[in-house]
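J.: After the sequence you'll find the predicted model.
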Amino acid sequence: MFRHVVVFTWTSESTPEQREGALAALRQWGEDCREYGTLTLGVDAGLAEGNGNAVVVVDLPDRETYAAYAADERHLAALRDHVRPILERRCAVQHEL
């Protein structure tokens with residue numbers, strides 16, 4: 001198994017509508033990417049200052065599947081159209097389970 005974890009932090013200028021649009025696009029991508037693995041989306045609970053705003057965790061069978069997932073046009077479109085316009089910071093880790 002292979003896990004991909006991404007933490008997103010939105011810009012302070014982003015609107016609630018933009019943030020919800022980004023989350024909706026990520027949720028849809030979670031539905032669309034089931035052929036690759038399981039995607040879980042979480043929104044920060046606000047318990048500690050300095051946290052990111054949202055996290056995506058994707059469990060995939062192997063590295064090759066991650067490469068296909070990362071290159072999928074539906075994935076790239078969700079990032080390009082909804083996430084990157086309001087993205088201040090992104091941090092990611094890929095690791096074997």
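T.: Received, thanks. Fair warning: this is a prediction, and the values are worked out from it, not measured in the lab.

J.: Please report the distance of Val57 from Gln94.
T.: 11 Å (Cβ to Cβ, to the nearest Å). C-beta coordinates here come from the backbone N, C-alpha and C atoms, glycine included.

J.: same thing with Gly37?
T.: For Gly37 relative to Gln94 (Cβ to Cβ), the value is 12 Å.

J.: could you pull out the strands for this protein?
T.: 2-10, 38-43, 54-60, 87-96 (DSSP state E).

J.: Now render the ones you listed as a markdown table, adding distance to Arg27 and mean pLDDT.
T.: Shown next, in a markdown table, are the strands of the chain (distance: least, Cβ to Cβ, whole Å; pLDDT from 0 to 100):
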| stretch | distance to Arg27 | mean pLDDT |
| --- | --- | --- |
| strand 2-10 | 13 | 97 |
| strand 38-43 | 6 | 94 |
| strand 54-60 | 10 | 96 |
| strand 87-96 | 17 | 97 |
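
J.: With Ala70 as the reference, name the closest of those.
T.: For the strands of the chain, proximity to Ala70 was assessed by Cβ to Cβ; strand 2-10 is nearest, at 7.9 Å.

J.: any idea of the angle the closest one forms with strand 87-96?
T.: In terms of direction (axes from the mean of the first three to the mean of the last three Cα atoms, to 10 degrees), strand 2-10 departs from strand 87-96 by 170 degrees.

J.: who touches the most centrally placed residue in the chain in this structure?
T.: Centroid-nearest residue in the chain: Val56, 4.1 Å away (criterion: Cα atoms, centre = their mean). Val56 is in contact with His4, Val5, Val6, Phe8, Leu26, Gly30, Leu39, Thr40, Leu41, counting by Cβ atoms under 8 Å, 6 or more residues apart in numbering.

J.: With neighbour numbers in mind, choose between Gly37 and Gln94.
T.: Gly37 (18 against 14; other Cβ atoms under 10 Å).

J.: ok, the nearest residue to that one once chain neighbours are set aside - how many residues close by?
T.: Nearest residue to Gly37, sequence neighbours excluded (Cβ to Cβ, 6 or more residues apart in numbering): Leu60, at 3.8 Å. By other Cβ under 10 Å, the residues close to Leu60 number 23.
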